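Participant: What would the 3D arrangement of this be:
(2 chains)
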Amino acid sequence: MMFSFCADPKSLEGLQWLSCYLTTGTHMSFYGSFLTVLVLLAVTAPVALAFGFGGAVAGRSHVAPLRWIGKTYMAMVRGIPDIVFFLFFIVALDQGLEYLFHFVRCEDLSQPVRQAGEFRACPAAKIPPGSAPPAIHQIYNFALAVFTFAIVFGAFAANVLSGAMQAVPRAQLETAESFGMTPRQINRRILIPQMWVYALPGLSNLWMVLIKATPLLFILGIEDVVYWAQQLGAMKTQTFSYPHPDWRLWYFLGLLVFYLLLTKVSEVVLDRIMTRLRRGLPMAENGATA
Amino acid sequence: MSCFETIQAYGLRSLGIGERLLPREGYDLCQQFTLIGSGLIWNVYFAAIALALGFALATLLAVGKRARSAWIRKPCDWFVFIFRGSPLFIQFFVAYQLLVLLPRDGVTLPLGLFDLHVGTDWVTRAWAGAALVLFFNTAAYTAEIFLGALRSIPRGDLEAAEAYGITGWQRFRRIQWPTMLRLAWPAYTNEAIFLFHATTLVFFSGFPAFQQRGDALYYASYFAGRTFNPFVPYPIVAFYFICLTLVLTWTFGRIGRRLNRHLPTNETRRRRPRILPQIIR
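Facilitator: Sure thing, here's the model as predicted:
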């Protein structure tokens, strides 16, 4: 309870009622879930970028198997809806980990793990252990979700970065060669520093897509903004302290406005960064895109 | 049950034809391929209807965004901003809640001589409501693509048209619109692919699957939930989608080549759609 006058909500009216209603414990969880979205964005973006960088570099590798892995990773998001990956990875990762732990930790290995339409790892292999507090379970699920997002968006980022690497003018690399740099030196000193300008339009587009993908956390079973909007907006009968009709529309409209603000602010900031980075570059006038 | 019988029972299950209950045992490959393939009908339906209607609205929006009058320009700007700036997932929820607000027993419109009674319960069903959201969504994204293309029409083309006395509607119909399509086609191909992929969101958002008539991913997640095995149903969905994406790319490639048929061939050969990540909105 935020305010002392909220002790008996049924006797309240108007603004007082609203101020009490909007500061209940469940509403605080709702506001907290906006933080979850921002945390997801803050963690996923760098991890996905790292994955993408790895994928793009692997795709250009001279070692054939490594190149195949990189190319496959980049190609996988092209033909398949990413929500399929979300639903797949969240279960596959969990089962994969438990499968590994099953062989490390369990004594009785006579039974196969997957039998008769069930997945049976022994109790010692459960992640997190069954006795763990619910908070640990939530954190574990969230970590799985972040990892899933990072894999999928890493594949998108790999596409963008590999395009950017190809966009660096050939003359720049040839000049570096004529100065006697080794391939490794050319990569580190010329190619990678120069590619970012070409990658930025694609990466900022990707950032927007990532923002708009965050409500999919709901499908992955995380108590995110969509979950709370549904819970809080649903009709509350007289048995609740704050009875109200079905207000889900208003909660979802709130979410809509939140996302519109988030994308608008991102757009403005990214535009600024872009003009700044392009300063003094010959491509500034013709507005090249990666 | 043989595989042929399974196909008879579940081949059109997503439309409500065939077996009433979803399979509760077996879950063999044939069952999974059949039922998931049956769900695919919905994905194709949503994509086709949204693309067809969205194309027309996108052209109007793109022209509207270039209008001199603020009364036309501003609404178009806002429409595009709202549908491009917010997640499709949230748009589904908002739309569903809005459509539910319509009076359940229909609206009666007095038309003077007689009253027109319009039922409203069908708009909350996925086939109408979700298709409407997808239609608006793709119209907004496509409008932005078309607008970019309209802006990059060579000035010389328009001046040449004016020199020939082609102005107004004629100029738009004969010069601007075809050139816009030609320039926008690679980007529009991407938009079509990602709209097709976005149709998998429908039954995971606010719209309920009436009598368990869902799309491909709905049935895939049903099987994954039943068998605790994600390694079979999701790759099946992936397989179907890769095939259909190839068909879509091929179809759009054919249209694109037709649009470019008057240009030197070596230029058309290179004009292949680039995949930009715009999969979820």
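Participant: now the stretch 101-250 of chain A, which segments are flagged as low pLDDT?
Facilitator: Applying pLDDT under 70 to the stretch 101-250 of chain A flags residues A:115-117.
Participant: Can you show me the helices along it?
Facilitator: Using DSSP state H, counting those that start in this stretch, the helices of the stretch 101-250 of chain A run over A:134-167, A:170-178, A:183-185, A:192-213, A:225-233, A:248-278.
Participant: right, and those helices - which one's nearest residue B:231?
Facilitator: Between residue B:231 and the helices of the stretch 101-250 of chain A, the tightest spacing by Cβ to Cβ is seen for helix A:134-167, at 15.5 Å. The C-beta positions use only the backbone N, C-alpha and C, and glycine is treated the same way.
Participant: Check which helices and strands the helix or strand containing residue B:31 sits against.
Facilitator: If you go by DSSP states H and E, residue B:31 is part of helix B:29-65. Where contact means 3 or more Cβ pairs under 8 Å, 6 or more residues apart in numbering or on different chains; DSSP states H and E, helix B:29-65 is packed against helix B:3-10, helix B:70-85, helix B:126-151, helix B:177-198, helix B:216-227, helix B:233-259.
Participant: Using JSON lines, lay out those together with distance to residue A:12.
Facilitator: Shown next, in JSON lines, are those (distance: least, Cβ to Cβ, whole Å):
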{"stretch": "helix B:3-10", "distance to residue A:12": "55"}
{"stretch": "helix B:70-85", "distance to residue A:12": "35"}
{"stretch": "helix B:126-151", "distance to residue A:12": "37"}
{"stretch": "helix B:177-198", "distance to residue A:12": "44"}
{"stretch": "helix B:216-227", "distance to residue A:12": "43"}
{"stretch": "helix B:233-259", "distance to residue A:12": "50"}
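Participant: For the helices of the stretch 101-250 of chain A, give me a markdown table that also has mean neighbour count.
Facilitator: As requested, these are exported to a markdown table (neighbours: other Cβ atoms under 10 Å in any protein chain shown):
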| stretch | mean neighbour count |
| --- | --- |
| helix A:134-167 | 20 |
| helix A:170-178 | 12 |
| helix A:183-185 | 11 |
| helix A:192-213 | 20 |
| helix A:225-233 | 21 |
| helix A:248-278 | 15 |
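Participant: With distance to chain B added, can I get these in a markdown table?
Facilitator: Output for the helices of the stretch 101-250 of chain A, formatted as a markdown table (distance: least, Cβ to the nearest Cβ, whole Å):
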| stretch | distance to chain B |
| --- | --- |
| helix A:134-167 | 4 |
| helix A:170-178 | 18 |
| helix A:183-185 | 27 |
| helix A:192-213 | 4 |
| helix A:225-233 | 7 |
| helix A:248-278 | 4 |
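Participant: Now render those helices as JSON lines, adding distance to residue B:2.
Facilitator: Converted to JSON lines, the helices of the stretch 101-250 of chain A look like this (distance: least, Cβ to Cβ, whole Å):
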{"stretch": "helix A:134-167", "distance to residue B:2": "38"}
{"stretch": "helix A:170-178", "distance to residue B:2": "60"}
{"stretch": "helix A:183-185", "distance to residue B:2": "59"}
{"stretch": "helix A:192-213", "distance to residue B:2": "42"}
{"stretch": "helix A:225-233", "distance to residue B:2": "43"}
{"stretch": "helix A:248-278", "distance to residue B:2": "46"}
